[in-house]
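**Student:** structure of the sequence below:
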Amino acid sequence: MVSVQWFPGHMHATQKALRERLKSTDVIIELLDARLPGSSANPLLAQLIGDRPTLKILNKEDLADPVRTVQWLAHYNAQPRTRAIALHAHTPGPARTLMAECRRLAPHRGGMVKPLRVLIAGIPNVGKSTLINTLLGKRAAKAADEPGVTRQEQRIVLADDVYLYDTPGLLWPKIIVPESGDWLAASGAVGRNAFDEEAVALALLRALQADYPALLEARYRLGLAQAALAALPDHELLAAIGRKRGALLPGGRIDPHKAAEAVLADFRAGAIGRITLETPHTFAAWLHAAQAAEAQRQALRQGRRTARQDATPQAAPSKPSTRSSP
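**Tutor:** As a prediction, this is how the structure comes out:
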């Protein structure tokens, strides 16, 4: 498991601007990646939102496992003042339902006197700009298949009485769940220079071996039974895929970096199949373990600080002056 961290400078400004914008927001739309709904939910955003009405959109649902998508929708819809729907940002029909859902979450807002103010937020490269362009039927927001394209807030008029504020993609200063770091990197939400592609590809392959061995075999045609494929060491599996995809060095040696790039590109494009890397139950277990480990790290750090302070010689108290005043 690798430690993936990515919080470029512009995200500090985004965090501050988001905090200010939320003061005058009626409904928050949080766009999640349907393939990693728990890992793509920003805990920093959750703290800022508080108890405001929230619409969670599981985007890219056409790339996700439909059975697990149902589980995640049930999980989020059970939360107070929260609605959750799944859609594909390029599909006009489901995208139009967002307006109705936002009005349902804030029935006291609407009309020219009290226009509905909606903020859309999410991690980088989750599809916010594509969704906005679909909503408007035109190219209003810049979209690209890489994180960090949107750098400034944009105000968009969805209707005469509905204003949408698009914020730049925002991660959080420290990703404490190792699995989340891997999945965010695998999905393309993290800058390319912030992680080791081979390590992330190996983590992804381990997850696919456990949950989707049939999809791996169908995509790469390795000639292995599901049980044999699932039991194959991850580095051997990566090498076998590299051989199939022609990721070779001089002399016929496998180029693991090119093989890893191929695996990640296939996952991002949905070429391996419809995959969801976590369930509400598994993510909750990862988060619990990560929070316990983080608490232990903080306690050890505090213990070391206290020990250093105790070991520092204290300056002797100064003696009172014996000189008499004139």
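**Student:** shaky segments in this protein?
**Tutor:** 1-14, 89-96, 138-153, 314-326 (pLDDT under 70).
**Student:** go again with 50.
**Tutor:** Scanning the chain for pLDDT under 50 picks out the ranges 1-2, 9, 143-151, 325-326.
**Student:** tell me where it has helices.
**Tutor:** Applying DSSP state H to the chain gives helices spanning 10-21, 43-49, 66-77, 92-105, 128-136, 178-187, 197-211, 213-220, 226-231, 234-245, 256-269, 280-311.
**Student:** out of the ones you listed, nearest to Arg83?
**Tutor:** helix 92-105 (5.5 Å; C-beta to C-beta). C-beta: built from backbone N, CA, C; applies to glycine.
**Student:** centroid residue for the chain?
**Tutor:** By C-alpha atoms, centre = their mean, the chain has its centre lying nearest to Ser40, at 2.5 Å.
**Student:** so what's the residue count around the nearest residue to that one once chain neighbours are set aside?
**Tutor:** Distances taken as C-beta to C-beta, 6 or more residues apart in numbering place Asp33 nearest to Ser40, at 4.1 Å, with adjacent residues excluded. Neighbourhood size, Asp33 [other C-beta atoms under 10 Å]: 28.
**Student:** also the one 4 residues further on?
**Tutor:** Look at Pro37: counted by other C-beta under 10 Å, it has 28 neighbours.
**Student:** next one: Arg52
**Tutor:** Arg52 has 16 nearby residues by other C-beta under 10 Å.
**Student:** swap in Ala78?
**Tutor:** So Ala78, with other C-beta under 10 Å, has 10 neighbours.
**Student:** and it, how close does it get to Glu236?
**Tutor:** Relative to Glu236, Ala78 is positioned 42 Å away (C-beta to C-beta, to the nearest Å).
**Student:** which residues does Leu98 contact?
**Tutor:** By C-beta atoms under 8 Å, 6 or more residues apart in numbering, Leu98 lies in contact with Ile29, Leu55, Ile57, Ile85, Leu135.
**Student:** do that again at 7 Å, thanks
**Tutor:** Ile29, Leu135 (C-beta atoms under 7 Å, 6 or more residues apart in numbering).
**Student:** begin at 23 from now on, thanks
**Tutor:** New numbering, starting at 23: the last item is Leu120.
**Student:** picking up where we left off before, just checking, the residue nearest to the centre of the chain touches Ala56?
**Tutor:** No. Under the criterion of C-beta atoms under 7 Å, Ser62 makes no contact with Ala56, lying 8.7 Å away.
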